[in-house]
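**Student:** Everything below, folded, please.
(2 chains)
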Amino acid sequence: NAGVTQTPKFQVLKTGQSMTLQCAQDMNHNSMYWYRQDPGMGLRLIYYSASEGTTDKGEVPNGYNVSRLNKREFSLRLESAAPSQTSVYFCASSEPLVTDTGELFFGEGSRLTVL
Amino acid sequence: ILNVEQSPQSLHVQEGDSTNFTCSFPSSNFYALHWYRWETAKSPEALFVMTLNGDEKKKGRISATLNTKEGYSYLYIKGSQPEDSATYLCASRDAGNMLTFGGGTRLMVKP
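**Tutor:** Down below sits the predicted model:
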């Protein structure tokens, strides 16, 4: 049972380059999320998708775009990477609280360094 | 955006000590409070999800309480073990389904 799978696990970019982080879940969850984790700041929400076909901005969306490709997949794109986007990125999925506990299931994280 | 705060930021205890830490959150528009355990080089894993004022949940030596009126939750660990060393995250979910995390409490248990 894979749960939430993120790729790549590590990436080094130069300023201005673009890249896409891929996320897939096999738990048939409706909601998916992208968080970034920076030292001393916990997890901050970048974007989320409450259900297939919808996406919404979170706390720190600037510099990112997302695509909910289907129910399983939710990708995060950096169009022009900046050093401030150096971080560890986590994808997560959940069922809505009204039908379930709403607990998040996380991927293993993707460590991105922008030089 | 909710302001979720955790204290202390870090904590060193001896094996066998019991310990607790705090999560505070805005009580308005509250829907649920989550606790996650996050070991180094792994993914955060859910410990508890609580919704009702006065809720208490327990999993082995770890338990949590919730006060939604005053906006705080406590996480307790009884008889800490080295394997309890991790960062403990709380997150508050509002009625709009937005989940906001605190900065975490990093626990280190010395053998």
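**Student:** and the closest residue in space to A:Gly3 that isn't next to it in sequence, what is it in contact with?
**Tutor:** Counting by Cβ to Cβ, 6 or more residues apart in numbering or on different chains, A:Phe105 is the residue found nearest to A:Gly3 once chain neighbours are left out, at 5.7 Å. (Glycine included, C-beta is placed from N, CA and C.) When contacts are counted by Cβ atoms under 8 Å, 6 or more residues apart in numbering or on different chains, A:Phe105 touches A:3-4, A:25, A:27, A:29, A:92-94, B:46.
**Student:** For A:Glu52, see how far away A:Phe90 is.
**Tutor:** Relative to A:Glu52, A:Phe90 is positioned 20 Å away (Cβ to Cβ, to the nearest Å).
**Student:** neighbour-wise, which of the two wins?
**Tutor:** A:Phe90 (25 against 15; other Cβ atoms under 10 Å in any protein chain shown).
**Student:** What strand or helix carries that one?
**Tutor:** Taking DSSP states H and E as the definition, A:Phe90 sits inside strand A:87-94.
**Student:** May I see the buried residues of that strand?
**Tutor:** A:87, A:89-94 (16 or more other Cβ atoms under 10 Å in any protein chain shown).
**Student:** Each with direction, which strands does it pair with?
**Tutor:** strand A:31-37 (antiparallel), strand A:105-106 (antiparallel), strand A:110-114 (antiparallel) (DSSP bridges).
**Student:** out of the ones you listed, deepest packed?
**Tutor:** Ranked by mean neighbour count under mean count of other Cβ atoms under 10 Å in any protein chain shown, those are led by strand A:31-37, which reaches a mean of 25.
**Student:** Quick one: mean pLDDT for it?
**Tutor:** For strand A:31-37, the mean pLDDT works out to 94.
**Student:** Report the strands that pair with the helix or strand bottoming out on mean pLDDT in chain B, each with its relative direction.
**Tutor:** Lowest on mean pLDDT, DSSP states H and E among the helices and strands of chain B sits strand B:99-101, with a mean of 88. Counting by DSSP bridges, the strands paired with strand B:99-101 are strand B:86-94 (antiparallel).
**Student:** And the furthest pair within the contacts of A:Phe105?
**Tutor:** Farthest-apart pair in these is A:Gln25 and B:Ala46; separation 14.8 Å (Cβ to Cβ).
**Student:** Comparing these two, which shows the higher neighbour count?
**Tutor:** For A:Gln25 versus B:Ala46, the count of surrounding residues by other Cβ under 10 Å is larger for A:Gln25: 23 against 18.
**Student:** which residue sits closest to the more buried one, ignoring its sequence neighbours?
**Tutor:** In space, A:Gln25 is closest to A:Ser93, 4.2 Å off (Cβ to Cβ, 6+ apart).
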